[in-house]
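*Asks:* what follows is a predicted protein model with its sequence.
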2 protein chains.
Amino acid sequence: MQRYFSEVKKDNLFLLKADDLYHIKTVMRMSVNDEIEVVYQENLYICKLNRDYNAVIERIIKSPKIKKREYVLCVPILQEQKMSFILQKATELGVDLIIPILTNRSMIKIEGKENKKIERWCRICKEASEQAKRLTIPKISAIKKISDLNLTGLKIVCSTQEKNNTLKKVLKNNLKYDKIIMVFGPEGGLTLEEEQTLVNLGFIPTSLGDNVLRTETVPLYLLSVLNYEME
Amino acid sequence: MQRYFSEVKKDNLFLLKADDLYHIKTVMRMSVNDEIEVVYQENLYICKLNRDYNAVIERIIKSPKIKKREYVLCVPILQEQKMSFILQKATELGVDLIIPILTNRSMIKIEGKENKKIERWCRICKEASEQAKRLTIPKISAIKKISDLNLTGLKIVCSTQEKNNTLKKVLKNNLKYDKIIMVFGPEGGLTLEEEQTLVNLGFIPTSLGDNVLRTETVPLYLLSVLNYEME
């Protein structure tokens, strides 16, 4: 069954957004009384479409699970295709917060387009959340500088210099954290200065092993392993 | 430095394939005396281009590592874009053998095009191996049926039915194997009959956790976790 997120509840029905209505009418060609899933405030409802294409509640299915750990992924600004790819896959793999970051070796200029980009990225995450049957949509923060990443939690920076601190060692030694923040670099990597800035902020330089991974593969690797290790 | 695979060594030089020569001349615009890396029989050589665009050996750098475990990925026939994606990413993540498999829910017809497809897939794996700085290229077998997957090793089938046998349990209980064979389904999954056929062949039905992953994300998840757990 198709899943949509709604933010507006009126008595026993939900209002849907314009792009969801387009999807329901034009892409899925649904009509009156067809069933859809609606997520509202992290609860899942089975609904039927009425004549005005509002979603009338039939029953509530599932309360949200208490998630044990929060995953924060800091993503360097990359070209749009790679960015979409990372947002989609990170959503599938359970990311909670995306922080887009400015890095020295990022080749993409986004001055003046920040808000439009973030709007687009939010849309990608919402659609990926519907597909992945999530009860939450990952949040996307404002774009930040490396030096602004003064956050609390287990802080990991993917390093090509580091050889001893493998991801396995880092995770095994830090199982107590309920928030994990990950930073990885753009093509060409973070500069040594950027890595040092992060280390000064408490990030642990971490090796991902011997494989040479493309930039966009790194967050998938990280989130796959976290899902596996922290389950 | 750009890396290419060669299969022909003559005295102190390697001959390169037509598509590599095209890449060297037209894409990279290299000329006489430019350096490239050449992998020949799993050894890495630093070479200089001569006037005929052969690679003259300067020095050998690195003997192959003895790899501890062999990763075999059985991939359902999917549409070409997803297939390329899986082959590229699986190559980055260290896969050794790809077995394309026919499944009931695969929507793609390839009768009569098998050889052309396999040729194309081999090319994708070769190029991804060069990018990922591998010393080996993953092999691609002939297309097989599920009932032909009579292989020896730790055998895992990704199951949406299974709840108790998590990937973590399966791997922890089977660390001794030096060959791991993984099967996952196309969109819509394997049928119950297909899963049963695999179980009869000794495959362990395995849960990948609560996230709803797209077909093409599953092999990335599997290989990421194997790299992490088996390091």
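*Replies:* All right, it came through fine.

*Asks:* going forward, measure contacts between C-alpha atoms and count neighbours the same way
*Replies:* Noted.

*Asks:* next SSE downstream of the lowest-mean-pLDDT helix or strand in chain A?
*Replies:* Across the helices and strands of chain A, mean pLDDT, DSSP states H and E gives its lowest value to strand A:55-62, namely a mean of 88. The C-terminal neighbour of strand A:55-62 among helices and strands, as given by DSSP states H and E, is strand A:70-76.

*Asks:* all strands for chain A, in order.
*Replies:* A:3-5, A:8-10, A:13-15, A:35-40, A:43-49, A:55-62, A:70-76, A:97-102, A:139-140, A:144-145, A:154-158, A:179-183, A:204-206 (DSSP state E).

*Asks:* packing partners for the lengthiest helix in chain A?
*Replies:* The helix spanning the most residues in chain A, taking DSSP state H as the definition, is helix A:114-131. Applying 3 or more C-alpha pairs under 8 Å, 6 or more residues apart in numbering or on different chains; DSSP states H and E, we find helix A:114-131 packed against strand A:3-5, helix A:80-92, strand A:139-140.

*Asks:* rebuild the strands of chain A as a markdown table, extending it with distance to residue B:74.
*Replies:* Listed next are the strands of chain A as a markdown table, based on distance: least, C-alpha to C-alpha, whole Å:
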| stretch | distance to residue B:74 |
| --- | --- |
| strand A:3-5 | 30 |
| strand A:8-10 | 45 |
| strand A:13-15 | 43 |
| strand A:35-40 | 33 |
| strand A:43-49 | 35 |
| strand A:55-62 | 35 |
| strand A:70-76 | 30 |
| strand A:97-102 | 33 |
| strand A:139-140 | 35 |
| strand A:144-145 | 41 |
| strand A:154-158 | 30 |
| strand A:179-183 | 31 |
| strand A:204-206 | 31 |
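
*Asks:* dump the C-alpha coordinates for stretch A:96-106 into PDB.
*Replies:* This file holds the C-alpha atoms of stretch A:96-106, laid out as PDB (Å, rounded to 0.1, in the frame of the first residue of the first chain):
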ATOM      1  CA  ASP A  96      17.800  10.900  11.400                       C
ATOM      2  CA  LEU A  97      19.600  14.200  10.600                       C
ATOM      3  CA  ILE A  98      21.500  15.400   7.600                       C
ATOM      4  CA  ILE A  99      23.900  18.300   8.000                       C
ATOM      5  CA  PRO A 100      25.100  19.600   4.600                       C
ATOM      6  CA  ILE A 101      28.700  20.900   5.100                       C
ATOM      7  CA  LEU A 102      31.000  23.200   3.200                       C
ATOM      8  CA  THR A 103      34.400  21.700   2.500                       C
ATOM      9  CA  ASN A 104      37.500  23.100   0.800                       C
ATOM     10  CA  ARG A 105      37.600  20.400  -1.900                       C
ATOM     11  CA  SER A 106      33.900  20.600  -2.800                       C
END
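
*Asks:* ok now do residue A:105, which residues does it touch?
*Replies:* By C-alpha atoms under 8 Å, 6 or more residues apart in numbering or on different chains, the residues touching residue A:105 are A:186-191.

*Asks:* and if you look at residue A:49?
*Replies:* Contact analysis of residue A:49 by C-alpha under 8 Å, 6+ apart lists A:31-36, A:55-56.

*Asks:* what do you get if the cut-off is 10 Å, keeping everything else the same?
*Replies:* By C-alpha atoms under 10 Å, 6 or more residues apart in numbering or on different chains, the contact list for residue A:49 reads A:13-14, A:24, A:30-36, A:55-57.
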